[in-house]
Structures are given as structure tokens and as C-alpha cells.
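S.K.: Sequence and predicted structure below; questions after.
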Amino acid sequence: MHKKIYFFGLLITVSVLSGFLVSSLTAEANFLNDLFSAFRKEDFESTKTINSPQKIEPYQSPIDYEEAIILAVEKSSPAVISIIVTKDLPIIENCPFNPFGNLPPEFRDFFGRFEFEEPCETGTRREEVGGGSGFIVSQDGYIVTNKHVVSDTKAEYTVLTNDGKRYSAKVLARNPVQDLAIVKIDPEGKNLSTVALGDSDSIRLGQTAIAIGNALGEFRNTVSVGIVSGLSRAVNASNRGEVEHLEGLIQTDAAINPGNSGGPLLNLRGEVIGINTAVAENAENIGFSIPVNNVKQNIKSVRETGKITIPFLGVRYIAVTSDFAERENLSVHEGVLIRGSEEGPGVILNSPAHKAGLRAEDIIIEMGGEKITLERSLASLIQRLNVGDKVTLVIVREGKRIQVSVTLDERKSE
């Protein structure tokens with residue numbers, strides 16, 4: 001009896017499973033027939049579309065993120081320019097010469113049968129010697145770029161706009177402290193396309209970053225996309241043997257190539273958040289941009305005075321970190337410690353800091369109500385102020401907090 005029940009149960013189970021499989025296979029077969037029919041129909045319609053003179057619609061992204069990148073590029077690209085550097089270079093050729101000109105005639109006649117040549121300059125030839133990028137910030141032709149792109153005072157500069165038009169460019173000012181310069185072109189009565197300047201203080205790690213520039217000096221308006229990989233980076237950037245220390249930089253993994261220098265780093269709104277300036281050697285996709293807030297004062301200064309005036313406090317300092325504070329037994333873990341170095345004393349003689357009574361070993365923790373941190377350095381705060389501005393510093397001296405008023409002076413060219 002038990003055996004019969006077991007067998008009966010097994011038979012029911014197999015039947016149920018068999019019915020499930022059969023119905024499933026039947027449904028699947030019908031589905032595949034419908035799918036293949038759809039493919040055949042789609043292939044036919046696709047072939048029909050290709051062979052017919054129907055209008056092909058422009059690509060539209062079904063993804064909001066991708067569409068935001070496309071719109072940001074479309075918004076900013078017309079204002080991104082290429083800078084061509086040209087210079088008169090000497091033409092060196094092999095010229096005949098006679099090394100025996102001072103010998104007696106009989107010897108000159110003998111050796112004169114031999115031909116000798118030496119390199120000589122026979123004239124000059126205008127050649128392209130470099131290039132970079134930039135972006136237009138005003139309809140009347142003010143352009144931001146890197147100082148190292150237009151550093152040669154004997155070269156001539158040409159701006160090539162996105163529509164292929166060429167303009168002769170004049171370098172109005174080079175920033176003595178940062179790798180920034182302001183260039184001007186004459187728009188010839190035309191209102192030029194401009195970029196929107198964003199707020200580099202509000203950017204966050206991981207947000208999208210879009211770089212546009214004249215990659216390799218050959219591929220205009222090349223677009224690369226990445227993220228903001230780091231903030232407040234400090235690097236020593238070299239260019240033609242000159243080394244410049246840059247602070248407060250934005251790090252990005254968006255590809256930045258030679259020729260991208262001076263081009264914009266954008267957010268998803270198409271606003272400029274940085275000026276692409278350097279890449280790390282022997283690394284992949286480690287690039288650096290100057291925060292756009294650092295250049296806003298430069299633009300204003302050039303438009304008002306015709307030059308870049310740099311506010312000057314007059315201190316040498318060390319940034320305070322938690323490790324440094326513990327090692328030096330400091331009472332605060334942020335700010336900057338005024339301390340001299342091989343380059344000179346902590347407080348420069350007759351500087352605004354000296355006149356305000358600042359001393360070596362003072363710790364500046366606030367400037368104008370802004371806390372000084374690794375992300376917001378003292379140098380970046382000073383660069384956003386004007387010459388003649390009166391600003392309040394909060395310092396720590398021998399464990400006590402003191403407020404000091406300082407009037408910024410103009411940094412003198414070295």
C-alpha cells in the first residue's frame with residue numbers, strides 16, 4: 001500500500017513538472033517566433049530607411065547624465081579658443097668659409113682647393129613654436145589663459161575661435177604669482193560668445209568635471225570627461241626649465257593633454273570651475289586646474305587698471321595640520337604658522353604684516369571672517385582681495401586669540 005502511494009505521488013509530481021515544462025517551452029517558442037518576426041521586420045524597416053532619402057534625426061541621449069554633458073559642452077564650446085604662438089626664428093644653413101685667409105698667398109692658393117663649410121645665420125623665418133587654449137569671458141574680447149602659454153614676450157599670438165576665425169591677440173597682463181594671464185582680441189564689432197564663470201568654492205569631490213581644449217595643439221575643442229579627484233592640491237609645475245609653486249589646485253582625472261593648458265574645466269551646468277594648467281608626469285589622468293575664483297579678481301583688475309595687481313600681506317608660513325600641531329605642541333590644528341625659512345624672515349620688513357605688528361610664531365587662523373584650512377589656504381584668500389583692502393586677522397599668540405587689522409599693499413614685481 002505504501003509503495004503504491006509513493007508511486008502515485010511521484011507520478012503526479014512528474015506530471016505537474018512535465019506540464020510546466022511543456023507549457024513553458026510552448027510559450028517560449030511563441031515568444032521567440034514573435035521576437036524573430038520583430039527582428040525581421042525591424043531589419044526590413046532599417047534597410048528601407050537607409051535606402052530611402054528620409055531625414056535622419058540628430059542623436060538624443062535617453063540618459064539625463066549624458067544629456068547634461070552634451071548640453072554643457074554645447075553651451076561652452078563656442079567660447080573656447082586656441083592660441084597659436086609664432087616667432088621669427090633664425091635660418092641656419094651651411095655657408096662656405098676659408099679658415100686660411102690669414103696665411104701667405106702661396107699657402108692660401110694651395111689650401112683654397114679644399115671646400116669648408118660652417119653653420120651660419122642667413123635670415124629669419126616665422127614659425128609656429130607653441131600653442132595652448134583659453135576661453136572668452138567678455139563679449140568685447142577678454143580671454144583667460146595660462147601665463148606659461150603666453151610667457152614669451154618676443155613672440156606673437158593669434159587666437160583661433162571655434163568658428164575658425166583668426167584674431168591677432170595682445171597679452172594685457174601676466175600674473176606674477178599664479179599661472180594666469182589675460183589676453184585681448186578685437187572682435188571687430190561682433191559680440192563674441194562667452195563662458196559662464198562658476199563658483200570653485202562650492203565644488204565637491206566626485207562631481208563631474210569636463211575639460212575642453214586644443215589637445216596637442218592640433219585637435220581643437222577636444223572634450224574629455226572625468227571627476228573632481230582632489231581639492232587644494234599643491235604642486236611644483238615646471239615649464240621650459242622654470243619651476244612655479246602652485247597652491248589650492250583642483251585635481252581631476254579628465255584627460256588633460258599638452259595644448260589643453262589655459263582651457264576651461266566645466267561642471268555639468270557648463271560653468272567654468274577651473275583653468276587647466278598642469279599634468280603629473282609618469283602618471284595617467286592626474287591633471288590640475290586653477291580654481292576659477294582665483295582669476296575673477298584678475299579679470300576685474302585688468303579691466304579697471306590695465307594690469308593685474310596682486311594684494312600682498314608679507315609673511316612666510318607653514319600650513320598647520322593635525323600631525324604638525326602635535327609635533328610642534330600647538331594649541332590649534334588649523335591655520336598657518338608664521339615662520340622664516342632660507343628665503344627670508346617670517347615677517348617681511350615694512351610689509352603690511354610688519355606694520356600691523358605680526359610676529360614670527362604667530363598662527364593666523366582666520367582672515368576676513370574666513371577660517372584658514374588646507375582646503376582654503378591663506379594665499380587663495382589673499383588673492384581674492386584688492387590692494388588697499390582693510391581686513392581683520394584672527395591670530396593665536398602664546399595660546400591667546402587676538403584680532404589684528406591689516407591693510408593689504410600691492411605686491412611688487414621681482
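M.R.: Received it, and whenever you're ready, just let me know what you need. Numbers count the residues shown, from 1 in each chain.
S.K.: okay, CA-based contacts and neighbour counts for the rest of this
M.R.: Fine.
S.K.: Show me the helices in the stretch 51-200 of the chain, by range?
M.R.: Listed in chain order, the helices found in the stretch 51-200 of the chain under DSSP state H, counting those that start in this stretch are 64-76, 105-111.
S.K.: among those helices, which gets the worst mean confidence?
M.R.: Lowest mean pLDDT within those: helix 105-111, at a mean of 59.
S.K.: hey, what's the residue positioned nearest the centre of the chain bridged with?
M.R.: Nearest to the geometric centre of the chain sits N276, at 1.3 Å (CA atoms, centre = their mean). Beta bridges link N276 to S289, judged by DSSP bridges.
S.K.: per-domain residue ranges of the protein.
M.R.: As assigned by automatic domain parsing, the chain contains the domains 79-185, 196-305, 311-410.
S.K.: now the helix or strand encompassing N221: mean pLDDT?
M.R.: Per DSSP states H and E: N221 is located in strand 219-239. Strand 219-239 comes out with an average pLDDT of 84.
S.K.: again with stretch 207-216
M.R.: The average pLDDT within stretch 207-216 is 87.
S.K.: returning to what we had before: mind pulling up the pLDDT for the residue nearest to the centre of the chain?
M.R.: On pLDDT, N276 comes in at 93.
S.K.: got a list of what it touches?
M.R.: By CA atoms under 8 Å, 6 or more residues apart in numbering, the residues touching N276 are 211, 256, 260-265, 287-290.
S.K.: And it, how far from E398?
M.R.: 41 Å (CA to CA, to the nearest Å).
S.K.: what's the answer for F219, then?
M.R.: Computed as CA to CA, the F219 to E398 distance reads 57 Å.
S.K.: next one: S380
M.R.: Taken as CA to CA, the spacing of S380 relative to E398 amounts to 26 Å.
S.K.: more neighbours, those two?
M.R.: A count of neighbours by other CA atoms under 10 Å puts S380 above the other of S380 and E398, at 18 against 11.
S.K.: element containing that one, please.
M.R.: Secondary structure assigned from DSSP H and E places S380 in helix 378-383.
S.K.: For burial, what's the neighbour tally of the nearest residue to R220 once chain neighbours are set aside?
M.R.: Counting by CA to CA, 6 or more residues apart in numbering, R220 lies nearest to N214, which is 4.2 Å off, once chain neighbours are set aside. As a burial measure, N214 scores 27 neighbours (other CA under 10 Å).
S.K.: surely P78 meets G164?
M.R.: No - with contact defined as CA atoms under 8 Å, P78 does not reach G164; the gap is 10.5 Å.
S.K.: what about the two, which has more around it?
M.R.: It is P78, of P78 and G164, that has more neighbours when counted by other CA under 10 Å, with 18 against 11.
S.K.: picking up where we left off before, looking at the helix holding S380 now, give me its mean pLDDT.
M.R.: Mean pLDDT, taken over the full extent of helix 378-383, equals 85.
S.K.: Provide the contact partners of whichever helix or strand comes after that helix at residue level.
M.R.: Per DSSP H and E, the first helix or strand lying C-terminal to helix 378-383 is strand 390-397. Outside strand 390-397, the residues within contact range by CA under 8 Å, 6+ apart are 361-369, 401-408.
S.K.: Now list the buried members of those.
M.R.: Listed as buried from the contacts of strand 390-397 are 361-367, 404-408; burial here means 16 or more other CA atoms under 10 Å.
S.K.: Run through the stretch 101-250 of the chain and note the low-pLDDT ranges.
M.R.: Within the stretch 101-250 of the chain, the stretches with pLDDT under 70 are 101-118, 121-129, 216-218, 239-241.
S.K.: Could you rerun that using 80?
M.R.: For the stretch 101-250 of the chain, the stretches with pLDDT under 80 are 101-130, 215-220, 236-245.
S.K.: which element is Q251 on?
M.R.: Element membership for Q251 (DSSP H and E) is strand 242-252.
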